[in-house]
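In: give me coordinates for this.
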Amino acid sequence: MSDDFGATWTGPERQAIRFPEESGLSLAQVWQIAPGVADGQDVVFAGVEPAALFRSADAGESWEPVKGLLEHEHRPKWMPGGGGLCLHTIVQDRNDPKRMGIAISTAGFYRTDDGGESWRARNQGVRAVFLPNQLPEFGQCVHKVVNHPAKPERLFLQNHWGLYRSDDWGDSWQDIANGVPSDFGFAMTMHPHDPDTVYIVPLQSDEFRIVPEAKLRVYRTRDAGASWQPLGDGLPQEKAYESVLRDGLTADTHADAGIYFGTRSGKLFGSADAGESWTPIIETLPPICCVKAAVIGAPA
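Out: The predicted structure is shown next:
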């Protein structure tokens, strides 16, 4: 943990996130860390593999598993995806800290309304194209879910084939893959100031995981998924054999919104005008798994 932007780091003397011995599980890796939304608290959540959610009440010094999910009746039937059985996404409700959604590959989207005591699968309308029953209660391979603090009940979901929106915290989902070259992909992020604006980076297919037509384009919707527009000004539009992972796309909170993404080939790109134009930042990094942005001090 660092409190000075990485200048110095501290860590526990032993592994902080540990499964209870009686669970028979052991930590493979942490996939997602998210601060809680309640003011004045040091609550932090961690999504891990094998799929589970951990909670810290002391800013990460100690952790406890959320037992309602750890002991869920569906757990014995959850199956790992290509990246393992991972809880990779956490979305919260600033209006109600007891409400939270999580995404597991491949179990789907689950929601709690009581602070984690109970969880219900919320996948109605989301397809699992690799299963005989393509609309099961759970078992979907959800790749990413995002929401906006100004409208937390509206969720956007990137699936293993499929783009969806829910306007009721996941109780139902509708397909919004209108005008995209492929509805397969991983990365997804919200515009910081507009709950109707979402960014994605489609990939050609699950068998050929590069951007369609080898043209590197970010797609943006400004009408909550009714339509999508390609944004490629400044990005390579030929022989771009690139892929962007689920946490490789993010936004800052400037008024014009900076948008950033990194690729598996180690290229980092940024836009200072909400995606209208792009600039390469660095192109010689190892594979980029995660990109985060922050505004320090007064916005420019």
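
In: residue ranges with poor pLDDT in this structure?
Out: Applying pLDDT under 70 to the chain flags residues 298-300.

In: those strands in the stretch 201-300 of the chain, which residues are they?
Out: Along the stretch 201-300 of the chain, the segments classed as strands by DSSP state E, counting those that start in this stretch run 218-221, 229-231, 249-251, 259-262, 268-271, 279-282.

In: of those strands, flag the one that's most buried.
Out: Highest mean neighbour count among the strands of the stretch 201-300 of the chain (mean count of other C-beta atoms under 10 Å): strand 259-262, with a mean of 25. The C-beta positions use only the backbone N, C-alpha and C, and glycine is treated the same way.

In: that one pairs with which strands, and in what direction?
Out: Paired with strand 259-262 in the same sheet, following DSSP bridges, are strand 249-251 (antiparallel), strand 268-271 (antiparallel).

In: check this structure for its longest strand and report it.
Out: strand 151-159 (DSSP state E).

In: ok, now which ones touch the nearest residue to D233 once chain neighbours are set aside?
Out: Counting by C-beta to C-beta, 6 or more residues apart in numbering, D233 lies nearest to S277, which is 4.4 Å off, once chain neighbours are set aside. S277 makes contacts with D233, G234, S271, as judged by C-beta atoms under 8 Å, 6 or more residues apart in numbering.

In: please report how far S277 lies from E242.
Out: Distance from S277 to E242, counting by C-beta to C-beta, to the nearest Å: 18 Å.

In: any idea which helix or strand carries D171?
Out: Counting by DSSP states H and E, D171 is held by no secondary-structure element, helix or strand.

In: count the residues that sit near it.
Out: By the criterion of other C-beta atoms under 10 Å, D171 has 13 neighbours.

In: who are the contact partners of it?
Out: Residues R122, Q124 are the ones in contact with D171 under the rule C-beta under 8 Å, 6+ apart.

In: need the helices for the protein, in chain order.
Out: 67-70 (DSSP state H).

In: report the beta-bridge partners for the residue most central in space within it.
Out: With distances taken as C-alpha atoms, centre = their mean, K144 lies nearest the centre of the chain, 4.0 Å away. Beta bridges link K144 to Q158, judged by DSSP bridges.

In: related to what we said a few turns ago, and which of the contacts of S277 is nearest to D223?
Out: Nearest to D223 among the contacts of S277 is S271, at 19.8 Å by C-beta to C-beta.

In: from I282, how far off is the closest one?
Out: S271 is 15 Å from I282, by C-beta to C-beta.

In: identify the residue nearest E242 in space, chain neighbours excluded?
Out: E242's closest residue in space is T263 (C-beta to C-beta, 6+ apart), at 4.5 Å.

In: number of nearby residues for that neighbour?
Out: So T263, with other C-beta under 10 Å, has 25 neighbours.

In: verify the stated contact: V126 with T106.
Out: No - using C-beta atoms under 8 Å, V126 makes no contact with T106, being 11.5 Å away.

In: which residues do these two both contact?
Out: Q140, V142.

In: comparing those two, which residue is more hemmed in?
Out: Ranked by neighbour count (other C-beta under 10 Å), V126 and T106 place V126 first, with 27 against 23.

In: ok, the more buried one - contacts?
Out: With C-beta under 8 Å, 6+ apart, V126 has these contacts: G108, F109, L135, Q140, V142, L157, N159, G162, Y164, W173.

In: try S26
Out: F19.

In: now it, what are its backbone angles?
Out: Per-residue torsions, S26: phi -140, psi 150 (degrees, to the nearest 10).

In: for A52, see how far away it is.
Out: Distance from S26 to A52, by C-beta to C-beta: 11 Å.

In: need the overlap of contacts for these two.
Out: With C-beta under 8 Å, 6+ apart as the test, S26 and A52 both reach F19.

In: just the terminal-to-terminal distance for stretch 54-62.
Out: By C-alpha to C-alpha, to the nearest Å, the extent of stretch 54-62 from end to end equals 10 Å.

In: that concludes my questions; thank you for your assistance.
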